[in-house]
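1. I'd like to go over a predicted model; first the sequence, then the structure.
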Amino acid sequence: MKIGYARVSTLDQNLSLQRDALAAAGCERIFEDAVTGAAADRPGLDRAVDLLRAGDTLIVWRLDRLGRSLGHLIGFVGELEARQVGFVSLTEHIDTGTPAGRLTFHLFGALAEFERGLVRERTMAGLAAARARGRRGGRPPALDLAKRELCARLYAEGRYPVAELCRLMGISKPTLYAYVKAHGKSREDGRASHQP
């Protein structure tokens with residue numbers, strides 16, 4: 001079965017062009033959405049995907065009607081492929097049911113991976129440059145060094161329940177445990193030091 005999907009980005013755009021192209025391509029059912037490009041909720045697409053079975057084909061008028069980004073599009077078509085569902089984009093003449101269509105999508109995937117690698121490299125280079133200038137990333141500690149040491153010591157002594165200690169110091173449990181780990185304290189150490 002050929003199933004079509006059409007989407008417009010704003011409510012004042014018209015779906016007629018896409019509907020006509022999908023009907024001409026032989027779509028038996030056409031599902032539609034009228035949402036912005038950033039919206040993740042696409043009920044029409046969800047219904048179309050639910051209807052697809054092995055051997056079916058999902059057809060769109062143009063690639064940007066389906067994917068919010070190249071990475072999202074590659075992942076989506078990969079999921080279709082795993083379910084043995086074909087994919088066709090009419091404007092770009094891509095048909096994953098053909099060897100050329102599959103090659104095109106593999107090239108798109110390789111380009112997306114290349115782009116992610118470049119972004120990762122630039123990010124790491126920026127962080128290294130910031131460290132060389134003496135800057136550290138991340139959130140600053142919630143408490144100064146003396147208070148962090150006090151937290152670790154009070155935890156080790158075991159006088160306060162963890163929740164109470166966190167409330168008193170105004171920190172979360174993960175933060176408390178990070179301070180304890182950084183200062184190498186354990187409750188057993190604290191109790192042993194207080195035994196006569």
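-> Done, it's in.

2. Would you map the helices across the protein?
-> All helices of the chain, identified by DSSP state H, fall at 16-24, 43-51, 70-82, 99-132, 145-157, 162-169, 173-182, 187-193.

3. Export these to CSV and append columns for distance to V88, mean pLDDT and mean neighbour count.
-> C-beta coordinates here come from the backbone N, C-alpha and C atoms, glycine included. Shown next, in CSV, are those (distance: least, Cβ to Cβ, whole Å; pLDDT from 0 to 100; neighbours: other Cβ atoms under 10 Å):
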stretch, distance to V88, mean pLDDT, mean neighbour count
helix 16-24, 10, 94, 15
helix 43-51, 13, 93, 15
helix 70-82, 11, 85, 16
helix 99-132, 8, 85, 12
helix 145-157, 59, 89, 17
helix 162-169, 56, 91, 14
helix 173-182, 48, 90, 16
helix 187-193, 63, 52, 12
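
4. Ok, which of these comes nearest W61?
-> Nearest to W61 among these is helix 16-24 (4.3 Å), distances taken as Cβ to Cβ.

5. In the chain, which residue is most central in space?
-> Against the mean C-alpha coordinate of the chain, by Cα atoms, centre = their mean, the closest residue is H72 at 9.1 Å.
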